[in-house]
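Student: Based on what follows, work out the 3D shape:
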Amino acid sequence: MLYLLLSFCAGLGITFQAGLNTQLRTALGNPVLASLISFAVGSMALLICVLVTTGSIPPLASLTQISWWKWCGGLLGAFYVYAVIMLTPLIGPANMLSLTVLGQLLLSIILEHYGLLGFSIHTVSPFRIAGLALLVSGVYLIQKY
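Tutor: Got it, this is the predicted structure:
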């Protein structure tokens with residue numbers, strides 16, 4: 001139950017992040033700079049978390065052993081932050097975030113169905129398809145009204 005609550009709170013945080021980053025973009029007049037600052041602040045917070053929880057940073061030699069494609073999550077994170085900063089003022093936060101949730105759910109169902117990227121296999125079922133259809137309907141209603 002705690003994990004579900006934390007997941008819900010993360011969703012609340014993403015909504016606040018969209019608003020805060022949009023305000024930062026307005027104040028700076030530059031969406032790329034706003035994205036960079038958002039990432040830099042987040043990176044500093046994560047560095048503090050690493051140092052507090054582990055007490056050290058792994059040696060550079062061990063980091064170079066990681067496959068190149070495993071570093072691409074940061075690129076996708078940068079794209080997400082930039083897209084939110086650019087698109088939220090244009091389409092509104094409800095549209096932006098409902099579409100991102102729809103995209104996340106659709107891809108997560110595909111990744112789980114095939115067990116890609118190390119996820120446990122959870123085959124697509126009629127109930128999962130129905131849940132996805134309900135989410136599509138919700139996105140439509142949010143955009144329409």
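
Student: What is the distance between the lowest-mean-pLDDT helix or strand in the chain and the centre of its chain?
Tutor: The weakest-scoring helix or strand in the chain, judged by mean pLDDT, DSSP states H and E, is helix 60-63 (a mean of 88). Computed by Cα atoms, centre = their mean, to the nearest Å, the chain-centroid distance of helix 60-63 equals 26 Å.

Student: contacts for it?
Tutor: Helix 60-63 is touched from outside by no residue, with contacts defined as Cβ atoms under 8 Å, 6 or more residues apart in numbering. Quick note: C-beta positions are derived from backbone N, CA and C, even for glycine.

Student: and the next element down the chain from it?
Tutor: As assigned by DSSP states H and E, the chain's next helix or strand after helix 60-63 is helix 73-91.

Student: Show me what counts as buried in the helix or strand that that following helix is followed by.
Tutor: Once the chain leaves helix 73-91, the next helix or strand it forms, by DSSP H and E, is helix 93-114. Buried residues in helix 93-114, counted by 16 or more other Cβ atoms under 10 Å: Met96, Leu97, Ser98, Thr100, Leu102, Ile109, Glu112.
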